[in-house]
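S.K.: model this:
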Amino acid sequence: MSRTASDPRPLGATLRAARPTDLPAVIGLLSGASLPTAGVPVTLQGFVIAEAGGEVVGVAGLERYGPAGLLRSVAVRPEARNTGVGGALIDRILAEAVAGGMRDIFLLTTTAESYFARRQFSRIAREAVPEPVQASIEFQGACPSSAIVMHRRAPD
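M.R.: You can find the predicted model right below:
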């Protein structure tokens, strides 16, 4: 199956809003990718799922802090990596953030700086992040203090 730039489905996966019943699969994906599960809401509000063959193959979440957002919990099952699933999840989250009036999106990473740099995120100092985002569970200890902080401004 070939994919075109206008095809919203990454190689057969469909994207949808996460449901509370997806929580075990989401926790499994995050744990399998060595990502923190602390602070993942049981409702999965703000999370998007990639599903293929009736199984959850990817997830991404966004926490809202006024006009800023924290991109978190981006994980894709190993067999679905390099198929566009991760990029499609991030594109969907960013589109929803902009539609919701968010202007600045932040993230923490220990392993994917170059991946997010290709998606127009730039490395910034931790101190440059707004206080409400710094007060998140991710910033307060779920992610190590050595994690790289990145930022992307929404297009005008």
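
S.K.: switch to C-alpha atoms for all contacts and neighbour counts from now on
M.R.: OK.

S.K.: This protein: strands as residue ranges?
M.R.: Taking DSSP state E, the strands of the chain run over residues 14-17, 47-52, 55-65, 68-76, 104-109, 122-124, 148-153.

S.K.: Given the shortest one, what are its sheet partners and their directions?
M.R.: Taking DSSP bridges as the criterion, strand 122-124 forms sheet pairs with strand 148-153 (antiparallel).

S.K.: mind showing which ranges of the chain have poor pLDDT?
M.R.: Within the chain, the segments meeting pLDDT under 70 span 1-11, 156.

S.K.: Tell me where the longest helix sits in it.
M.R.: Looking across the chain with DSSP state H, the single longest helix is helix 85-99.

S.K.: Tell me the buried residues in it?
M.R.: V85, G86, G87, A88, L89, I90, R92, I93, L94, A97, V98 (16 or more other C-alpha atoms under 10 Å).

S.K.: swap in stretch 102-119?
M.R.: In terms of neighbour count (16+ other C-alpha under 10 Å), stretch 102-119 has its buried residues at M102, R103, D104, I105, F106, L107, L108, T109, E113, F116.

S.K.: Touching the longest helix of the chain from outside, list them.
M.R.: 8-11, 13, 15, 47-50, 58-62, 69, 71, 74-76, 103, 154 (C-alpha atoms under 8 Å, 6 or more residues apart in numbering).

S.K.: Please consider this matter closed, and thank you.
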